[in-house]
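**Q** what's the 3D shape of this:
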Amino acid sequence: MARRDRGFTLIELLVVLVVVGLIAGIGLPRLETLSPKYSLRAAARTIATELEYVRSTGIFQRKTYGMRYDIGRNAYYIVLPPEEDAAEIPFDEWPISSAMRLPALVAIKAVVLADNSVFEGDDVADVMIDPLGAAGSHVVILENSEGHILSVKFNALIGTVDFFSEEVGFARFD
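**A** Have a look, this model is predicted:
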C-alpha cells in the first residue's frame, strides 16, 4: 500500500496552533490599555461580579462577608468571615483576600454607603454584606484617565448591580 505524503498530520497542525497562540498572547497588546472607555467598563463588570460572588457565597454559607475598597491604593479586597471561635473580633480585623487591582487607566474615585457617607482620596471603605440583605448596599464610583465616570450600585437586599454613567448615591426619605 502506498503512503500519501500530502497534507499535514494532526500533531503538526496542533503544534502550529499552539505556536500561533503563544505569539498572539505575547505579541499583541491588551485591548484594555488601548481604550480607557473599555477599561472602565471591564473594571465595573469585574467589581459587579465580585459583589455577586460575595453575596451568593454569604447566602450559601449563612455568613457575613464584606468588601474593602482601598481608594488610595486603587485596590479592593474580599473580607472573609472570621473563624467560629473568633467571631468577636471587629470587622476591620477580619481576614481579607489578596488585593484585586483595577486596570491602569481606571481609578476608584469614591465609595458611597447606603447612609450617603462618602469615602474618597486615601480613605479605606469597609462594607459588611449581610447574607439577608440587611446591610451592604453601596456605590463604587470609577473614573478613567479621560475623566469618564461609571458608578456601580449594589443593592444588598435584592442582590442587583446597576451601572450609571454619572455619580450616584442613595435616595433619602427622611
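
**Q** mind checking the SS state of the nearest residue to Val139 once chain neighbours are set aside?
**A** Spatial nearest neighbour of Val139, excluding adjacent residues (CB to CB, 6 or more residues apart in numbering): Val112 at 4.2 Å. Where C-beta positions appear, they are placed from N, C-alpha and C, glycine not excepted. Following DSSP: H, G, I helix; E, B strand; the rest coil, the label given to Val112 is strand.

**Q** and Val112, what does it touch?
**A** Val112 is in contact with 118-119, 138-139, 141, 168-170, counting by CB atoms under 8 Å, 6 or more residues apart in numbering.

**Q** If you rank the residues you listed by neighbours, which is first?
**A** The most crowded member of the contacts of Val112, judged by other CB atoms under 10 Å, is His138 (25 neighbours).

**Q** Longest helix of this protein, counting residues only.
**A** In the chain, with assignment by DSSP state H, the single longest helix is helix 36-61.

**Q** thinking in terms of the whole chain, how far from its middle is the next helix or strand after that one?
**A** Using DSSP states H and E, the helix or strand that follows helix 36-61 in sequence is strand 65-70. Mean C-alpha position of strand 65-70 versus that of the full chain (CA atoms, centre = their mean, to the nearest Å) differs by 11 Å.

**Q** which residues touch strand 65-70?
**A** 50-51, 54-55, 57-58, 76-81, 91, 94, 96, 99, 108, 111, 119, 124-129, 131, 136, 138, 140.
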